[in-house]
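>>> return atomic coordinates for the entry below.
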Amino acid sequence: MATTEIVILDALQELLEDEFKEFKWHLSNSGTKDNSIPRGKLENVNRHDLVTLMVQQYKSSDAGKIAVRVLKKINQNELADELKKKLLEVPDDVAAEGGASSGAAAAKNSTARVNVSINSSSGGTVKAPVIHGGVFNGPMNFS
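So this is what the prediction gives:
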């Protein structure tokens, strides 16, 4: 089973050396100091180490999204679309990063995880369970 890290690495393996260099440049010039990876950490980094740095900096759940965004910035649109598609097939990072719990103290001390996936692909109505209180980590979309 693929992980976010493996899927990102596979995409980076498709880049030529100049494209990889430009990819790293965009990571160090993302616009804010809090969000970018320092140039010194990227200087002689290989593809494997870059994926590790991205996951450390952005967490696994956001590293893939950022990789897709940077690939588009360097005009690797097909590769970005392919990566985005593969990331959707990766099991939810919510389970790997802590899931949901019923309170802040439980979130720190508990290893219980909750994974819920509810979809409506043809414009139908989805009746979802009520979410009440607690601490929620990871991606959540409501519309």
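>>> all strands of this structure, in order?
100-101, 135-136 (DSSP state E).
>>> what's the least confident stretch among those?
For the strands of the chain, mean pLDDT drops lowest on strand 100-101, to a mean of 38.
>>> hmm, residue 19 is touching residue 73, no?
No - under the criterion of Cβ atoms under 8 Å, residue 19 makes no contact with residue 73, lying 11.1 Å away. (C-beta placed from N, C-alpha, C; glycine too.)
>>> low-confidence regions, this structure specifically.
The chain contains residues with pLDDT under 70 at 1, 31-34, 92-143.
>>> got the domain boundaries for this protein?
4-90, 96-143 (automatic domain parsing).
>>> buried stuff in the top helix by length along the chain?
Using DSSP state H, we find that the single longest helix of the chain is helix 47-73. By 16 or more other Cβ atoms under 10 Å, the buried positions in helix 47-73 come out as 47, 50-51, 53-55, 57-58, 60-64, 66-68, 70-72.
>>> all helices of this structure, in order?
Counting by DSSP H, one finds helices in the chain at the ranges 4-13, 17-28, 39-42, 47-73, 77-89, 93-97, 104-109.
>>> identify the residues contacting the second one?
Right, helix 17-28. Contact partners of helix 17-28, identified using Cβ atoms under 8 Å, 6 or more residues apart in numbering, comprise 12, 15, 36-39, 42, 45, 47, 50, 54, 66, 70-71, 73-74, 76.
>>> mind checking how far the residue nearest to residue 73 when sequence neighbours are not counted is from residue 89?
If the residues on either side of it in the chain are set aside, residue 73 comes closest to residue 26, at 5.3 Å by Cβ to Cβ, 6 or more residues apart in numbering. Between residue 26 and residue 89 the distance, using Cβ to Cβ, to the nearest Å, works out to 25 Å.
>>> all set, thanks.
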